[in-house]
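Asker: predicted coordinates and the sequence they were generated for:
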Amino acid sequence: MCVIVAQSAANEAAQVYAITQNKGDALAAAKHVLHSAGGGVGYNSGECDRSGQ
């Protein structure tokens, strides 16, 4: 189920971004889909150190 929810969130974000060209709006749409799914599915920003260390 998590894969389906993630795909739905990605699709929604892509649709919103295509219309608004706004990353914040697209991210909010994806988070809304994830939150609506329940079951502990959530968003992790995936922040990482890109320096290679």
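Answerer: Cool, the structure landed. Numbers count the residues shown, from 1 in each chain.
Asker: so where's the longest helix in the chain?
Answerer: helix 2-20 (DSSP state H).
Asker: which helices and strands does that one pack with?
Answerer: helix 23-37 (3 or more Cβ pairs under 8 Å, 6 or more residues apart in numbering; DSSP states H and E). Just so you know, the C-beta spots here come from the backbone N, C-alpha and C atoms, and that holds for glycine as well.
Asker: contacts for the helix it packs on, please.
Answerer: Applying Cβ atoms under 8 Å, 6 or more residues apart in numbering, the contact partners of helix 23-37 are 1, 5-6, 8-10, 12-17, 20, 41-43.
Asker: any of these buried? List them.
Answerer: Val5, Ala6, Ala9, Glu12, Ala13, Val16, Tyr17 (16 or more other Cβ atoms under 10 Å).
Asker: sorry, back to before: widest-spaced pair of the contacts of helix 23-37?
Answerer: With Cβ to Cβ as the measure, no two of those lie farther apart than Met1 and Thr20, at 28.3 Å.
Asker: CSV for the buried ones among the contacts of helix 23-37, including pLDDT and distance to Leu27?
Answerer: Listed next are these as CSV, based on pLDDT from 0 to 100; distance: Cβ to Cβ, whole Å:
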residue, pLDDT, distance to Leu27
Val5, 87, 16
Ala6, 88, 14
Ala9, 93, 10
Glu12, 96, 10
Ala13, 96, 7
Val16, 97, 9
Tyr17, 97, 9
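Asker: can you count the residues close to Ala30?
Answerer: Neighbourhood size, Ala30 [other Cβ atoms under 10 Å]: 21.
Asker: show the pLDDT at it.
Answerer: On pLDDT, Ala30 comes in at 94.
Asker: again with Ser51
Answerer: 61.
Asker: check which residues of stretch 20-30 are buried.
Answerer: Those would be Ala26, Leu27, Ala29, Ala30, for stretch 20-30 by 16+ other Cβ under 10 Å.
Asker: could you dump the residues you listed to CSV with distance to Ala37?
Answerer: Converted to CSV, the buried residues of stretch 20-30 look like this (distance: Cβ to Cβ, whole Å):
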residue, distance to Ala37
Ala26, 17
Leu27, 16
Ala29, 13
Ala30, 11
